[in-house]
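my questions concern the predicted model and sequence given below.
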Amino acid sequence: MRSALIVGTGLIGTSIALALSRSGVTVYLDDRDTTAVRTAEALGAGYLEPPPARVDLAVLAVPPAHVGAVLADCQRKGLARAYTDAASVKARPHDEIRAAGGDPGSYVGGHPLAGAERSGPLAARADLFEGRPWVLTPSPQTDRATLNQGLELISLCGGVPILMDTDAHDRAVALTSHAPHLVASMMAARLEEANSEYIRVSGQGLRDVTRIAGGDPALWSDILTANADAVADVLEAYAADLEQMISVLRAQRGDDEPAREKASAELEEMLRRGNRGHARVPDKRTSLPIEFIAVPVAVPDQPGALARLFSAVSAAGVNIEDVHIEHSLDKPRGLVELLVDVASVTIVRRLLDENGWAWQEEVPLV
Ligand SMILES: NC(=O)c1ccc[n+]([C@@H]2O[C@H](COP(=O)([O-])OP(=O)(O)OC[C@H]3O[C@@H](n4cnc5c(N)ncnc54)[C@H](O)[C@@H]3O)[C@@H](O)[C@H]2O)c1
Ligand SMILES: O=C(O)C(=O)C[C@]1(C(=O)O)C=C[C@@H](O)C=C1
């Protein structure tokens with residue numbers, strides 16, 4: 001791929017543009033919001049002027065409801081040889097493309113499974129898609145050259161391609177992304193009017209389960225309405241679980257000892273089901289065929305402390321595969337979990353001792 005046009009230079013479009021520019025692709029930027037497109041240009045994501053000739057690939061990183069019309073418009077103008085999008089739902093944009101008179105041959109649907117709860121170009125990162133799944137939904141009409149451009153895009157962004165049909169994709173993300181987002185919003189909504197004394201008594205758990213509730217309501221309302229049935233199916237399953245858990249907990253206040261025991265067993269089984277489901281969530285640790293160890297290190301809440309820790313580890317030639325940070329609100333320190341491969345643990349442990357860092361027993365992750 002030599003040239004690309006990115007339409008929609010928000011979080012996803014600018015992240016794709018940065019990744020492509022970094023790989024030497026000439027990238028042109030377009031957005032109906034001039035501030036967004038100028039910001040993306042200032043970040044080094046690409047050029048503001050219209051492409052002087054047909055580009056190899058146009059990527060439509062606009063909200064799902066806009067994909068059909070934007071694609072038809074770009075195809076009418078003949079802006080690219082091939083087209084893809086990044087929308088979080090696939091069946092409805094496919095239908096809208098047909099309805100808007102778009103050419104299905106030069107289009108392949110796309111959806112990178114990476115993002116953030118922040119919108120706009122300032123939240124963009126060139127490495128956002130590294131190691132992340134990226135679904136392509138070719139239709140029977142999609143031509144081979146277009147599919148290859150989609151695959152090359154994913155490869156240039158460091159993603160992992162997955163081919164699916166649109167309905168299977170939408171059912172999958174209803175379970176793995178859309179319903180969890182709505183539930184995170186509902187959990188966070190319960191905090192809106194809660195007593196602030198109660199909210200103060202919160203730890204990392206609440207932040208973990210509500211982070212995505214910070215997402216853009218307009219975008220998420222578009223996503224959820226475009227995948228409404230599949231999301232409602234998942235919510236019905238949650239509702240059955242919720243009903244069961246309410247009865248299980250209410251049973252604890254009765255005098256019926258056998259009923260209480262049965263309820264406790266059901267509660268524990270739900271928690272075990274949760275453990276088993278959680279263990280199936282893929283992440284960098286489980287998707288790579290290497291054994292990782294997490295080394296938890298106490299880090300003082302001081303300017304430069306993290307940088308000192310990271311540079312000490314990298315100076316020893318050890319790659320930090322991933323890092324999790326847990327802040328202590330009431331203590332002047334946090335807990336930083338360094339993920340390193342099993343062969344490097346002894347080196348890291350010695351290095352931490354030599355430099356006076358307090359570390360805990362490492363936790364094997366796979
Ligand atoms: N946010 C995520 O985590 C995430 C992850 C994967 C995929 N996606 C999908 O990527 C797409 C973009 O999401 P985002 O998070 O980057 O949103 P964003 O709000 O950060 O960016 C969207 C951009 O599209 C522009 N835009 C809207 N309509 C347009 C039009 N008709 N023509 C030209 N520009 C237009 C907006 O001005 C905005 O700059 C969405 O389809 C979303 O479903 C989002
Ligand atoms: O990590 C996040 O903040 C996201 O919300 C990313 C996330 C998700 O994993 O559900 C959200 C929507 C997208 O379509 C793809 C990815």
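The structure has been received and is ready for your questions. Ligands and ions are numbered 1, 2, ... in the order given.

what residue lies at the spatial centre of the chain?
Closest to where the C-alpha atoms of the chain average out (Cα atoms, centre = their mean) is A114, at 3.1 Å.

close enough to count as contact, that one and A126?
No - at 12.0 Å, A114 and A126 do not qualify as touching, with contact defined as Cβ atoms under 8 Å. From N, CA and C alone the C-beta is placed, and that goes for glycine too.

sorry, back to before: look up how far ligand 2 lies from the nearest residue to the residue nearest to the centre of the chain once chain neighbours are set aside.
Leaving aside its chain neighbours, A114 sits nearest to R132 (3.9 Å; criterion: Cβ to Cβ, 6 or more residues apart in numbering). According to Cβ to the nearest ligand atom, to the nearest Å, R132 and ligand 2 sit 8 Å apart.

residues touching R132, list them.
112-114, 158-160 (Cβ atoms under 8 Å, 6 or more residues apart in numbering).

before we move on, back to that, how close does the residue nearest to the centre of the chain sit to ligand 2?
Taking Cβ to the nearest ligand atom, one finds A114 at 6 Å from ligand 2.

cool, R144 as well?
R144 is 26 Å from ligand 2, by Cβ to the nearest ligand atom.

residues near that residue, how many?
By other Cβ atoms under 10 Å, the residues close to R144 number 9.

what do you get for the one 5 residues further on?
Residues lying near Q149 (other Cβ under 10 Å) number 23.

shouldn't it be within a strand?
No - membership of Q149 in a strand is not supported by DSSP: H, G, I helix; E, B strand; the rest coil, which gives helix.

is R171 in a helix, a strand, or coil?
Applying three-state DSSP: R171 is helix.

and the residue nearest to it when sequence neighbours are not counted, how many neighbours?
Among residues not flanking R171 along the chain, A230 sits closest, at 5.0 Å (Cβ to Cβ, 6+ apart). The local packing of A230 (other Cβ under 10 Å) involves 22 other residues.

the residue nearest to A114 and ligand 1: what is the separation?
On the measure of Cβ to the nearest ligand atom, R132 and ligand 1 end up 9 Å apart.

residue ranges of the helices in the stretch 201-350 of the chain, please?
With helices called from DSSP state H, counting those that start in this stretch, the stretch 201-350 of the chain shows them at 204-210, 217-226, 228-251, 257-279, 284-287, 305-315, 345-354.

okay, those helices, which one's buried deepest?
Of the helices of the stretch 201-350 of the chain, the one with the most neighbours on average (mean count of other Cβ atoms under 10 Å) is helix 217-226, at a mean of 17.

and it, what does it pack against?
helix 179-189 (3 or more Cβ pairs under 8 Å, 6 or more residues apart in numbering; DSSP states H and E).

thinking again about what came up before, who wins on neighbours among the contacts of R132?
Busiest of these [other Cβ under 10 Å] is G159, holding 24 neighbours.

ok, now which ones touch that residue?
Contacts of G159 (Cβ under 8 Å, 6+ apart): 112, 114, 129-134.

give me that answer again for 7 Å
G159 makes contact with 112, 129, 132, 134, according to Cβ atoms under 7 Å, 6 or more residues apart in numbering.

hang on, the residue nearest to R171 packs against D170?
Yes - using Cβ atoms under 7 Å, A230 is in contact with D170, at 5.3 Å.

if we can go back for a sec, can you lay out the contacts of G159 as TSV showing pLDDT and secondary structure?
Formatted as TSV, the contacts of G159 follow (pLDDT from 0 to 100; DSSP: H, G, I helix; E, B strand; the rest coil):
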residue	pLDDT	secondary structure
P112	98	strand
F129	97	coil
R132	95	coil
W134	97	strand
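
ok, how many other residues are close to A69?
15.

now it: how far from E261?
60 Å (Cβ to Cβ, to the nearest Å).

got any ranges where this structure has weak pLDDT?
Where the chain drops to pLDDT under 70, the residues are 284-291, 328-330, 362-366.

one more time with 80, if that's ok
For the chain, the stretches with pLDDT under 80 are 283-292, 314-317, 319, 321-332, 342-343, 361-366.

domain assignment for it?
For the chain, the structural domains run 3-164, 238-281, 288-364, going by automatic domain parsing.

hmm, L11 and A116 touching each other?
Yes - A116 is within contact range of L11, at 6.1 Å (criterion: Cβ under 7 Å).

okay, and the common contacts of those two?
Counting by Cβ under 7 Å, 6+ apart, the residues touching both A116 and L11 are A123.

who's in contact with P138?
108, 147, 163.

and the residue nearest to S23 when sequence neighbours are not counted, its phi and psi?
Nearest residue to S23, sequence neighbours excluded (Cβ to Cβ, 6+ apart): L156, at 4.6 Å. Dihedral angles phi and psi of L156 (degrees, to the nearest 10) take the values phi -70, psi -30.

enumerate the residues of the stretch 151-300 of the chain near ligand 2.
Contacts of the stretch 151-300 of the chain with ligand 2, taken as Cβ under 6 Å from any ligand atom, map to 177, 212.

looking at the stretch 151-300 of the chain, which residue is nearest ligand 2?
Across the stretch 151-300 of the chain, no residue is closer to ligand 2 than S177, which sits at 3.3 Å (Cβ to the nearest ligand atom).

what about P121, distance to ligand 2?
16 Å.

ok, R22 touching R125?
No - if you go by Cβ under 7 Å, R22 and R125 don't touch, sitting 11.0 Å apart.
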